[in-house]
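Novice: Build me a model from this:
(chains A and B)
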Amino acid sequence: MSTARFTYVLRLADASLILGQRLSELVGHSPALEEDLGLANIGLDLLGQARFLLTYAGEIEGKGRGEDALAFLREHRDFLNPTLVEQPNGDFAQTLVRQFLFDAWQLELYERLSQSADSRLAEVAAKGVKETRYHLRYSAGWMVRLGDGTQESHDRVQLALDQLWQYTHELFDADAIERQLIADGIAADPAAIRQGWDAQVNAVLAEATLQRPADRPYLWQGKRGQHGEHLGRLLAEMQYLQRTYPGATW
Amino acid sequence: MSASRRVWEVLQRVPDPEIPVLTIVDLGIVRHADLDADGAVRVGLSPTYSGCPATAVIRTSVLQALHQAGFDRVEVQDVLAPAWTSDWITEDGRRKLREYGIAPPAHSVTSVRQIWQPTPEIACPRCDSHDTTRVSEFGSTPCKAHYRCNSCLEPFDYFKCH
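Specialist: Sure, this is the predicted structure:
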């Protein structure tokens, strides 16, 4: 098996899985019915992407682990999602800012991955990119409505942006694993993703009358398996059934 | 009727579980339906959306329908590439959507940047008025957006371009 490729596919899978799980927590709790439906549908798309990617990761690994084993029976430290997606939903501004920063990243990522030398990754990305476009249109639309809305909504979105900005750095960091896969034409180059992301994010922030926060040098390590306090609680809920009743099926 | 023709006839009667007026052939998700010399059938299906919950139901319905039609060995395969597009919905399918109260997709989004362009005018499936407003980007399922007609004041679903 290719360890590097397994790790990379798992990182992609976990990014979608964990954010999808976060969004599912909001089902029935969003501020309005339309947003409940919107966020639930985005979460559903993300879970769908995660299923394809986890299945593929299991095949690369070749130890018989399928999508369910990888989602429900891995430990905290074996999850390789970027730290951004495990952040709690907070208020609607925090949910939306997290979504917007993620969508803008995933759109650039999937656009590039759909040209990957790895045909399975290319297929999943080409499928996913069509969904991500709608996600970004939704989240960017809300950034503008809230940012350029009332004083209260503006302040809340700016605060959420200031708090979540520190997690964006990790999205564009390539370690040795990714650098090798980039050289092989399999992984997408974060430097190129960053360019597109910057342009997209800057344009939306300007229209939303929001200030782009300063970059911070600290690098979060979620995709290397080192997480903050929030992921454990998320997993406790997500994995509860399989942990309590091992092997339970529908 | 040839056996392979019969396979398509069976598939033509399998409804989409979310929009039961449409069959899976109308929806354009049947990529291939091959019949081996020894009678085994292989059906390739394209999921509309990665997380569409209907995919599993459709798979089961296809197996069931073909088994009932006397095909004992049936294999259903996921076909991800090329990705499904709403352009594959047949003319017949578009008419059925409209009659069911769902506005059919305008045209497919071919460029990512196109998402920033204004949404094309969507006609109300009930009164045909072009004076409509998008209420929400997402409707009752991922593939639909929620609209309201400003003429007849009825809400309706719009099947998004994909």
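
Novice: Looking at residue 119 now. What's its pLDDT?
Specialist: Using chain A here. On pLDDT, residue A:119 comes in at 96.

Novice: You answered for a different chain; I wanted chain B.
Specialist: If you check residue B:119, the pLDDT there is 66.

Novice: can you check the one 4 residues further on too?
Specialist: According to the prediction, residue B:123 has pLDDT 90.

Novice: is it true that it lies in a strand?
Specialist: No. Applying DSSP: H, G, I helix; E, B strand; the rest coil, one finds residue B:123 to be coil, outside a strand.

Novice: I figured it hits residue B:150, correct?
Specialist: No. If you go by Cβ atoms under 8 Å, residue B:123 and residue B:150 don't touch, sitting 12.0 Å apart. The C-beta positions use only the backbone N, C-alpha and C, and glycine is treated the same way.

Novice: Need the residues touching each of those two.
Specialist: The contact sets of residue B:123 and residue B:150 overlap at B:129, B:132 (Cβ atoms under 8 Å, 6 or more residues apart in numbering or on different chains).

Novice: Look at the two and report which has more neighbours.
Specialist: Using other Cβ atoms under 10 Å in any protein chain shown, the more surrounded residue of residue B:123 and residue B:150 is residue B:123, with 20 against 12.

Novice: mind listing what the residue nearest to the more buried one when sequence neighbours are not counted touches?
Specialist: Leaving aside its chain neighbours, residue B:123 sits nearest to residue B:130 (5.4 Å; criterion: Cβ to Cβ, 6 or more residues apart in numbering or on different chains). By Cβ under 8 Å, 6+ apart, the contact list for residue B:130 reads B:121-124.

Novice: which of the residues you listed has the most neighbours?
Specialist: For the contacts of residue B:130, the largest number of neighbours (other Cβ under 10 Å) sits with residue B:124, at 24 neighbours.

Novice: Find the nearest non-adjacent residue to it, please.
Specialist: residue B:149 (3.8 Å).

Novice: Please, where are all the helices along the chain?
Specialist: Assuming you mean chain A. Per DSSP state H, chain A carries helices over the ranges A:3-24, A:33-61, A:67-72, A:83-86, A:92-113, A:119-147, A:151-164, A:176-183, A:190-207, A:230-238, A:240-244.

Novice: that's the other chain; I wanted chain B
Specialist: Using DSSP H, the helices found in chain B span residues B:3-11, B:54-68, B:91-100.

Novice: Determine the angle, from 0 to 180 degrees, between the second one and helix B:3-11.
Specialist: Comparing the axes of helix B:54-68 and helix B:3-11 via axes from the mean of the first three to the mean of the last three Cα atoms, to 10 degrees yields an angle of 130 degrees.
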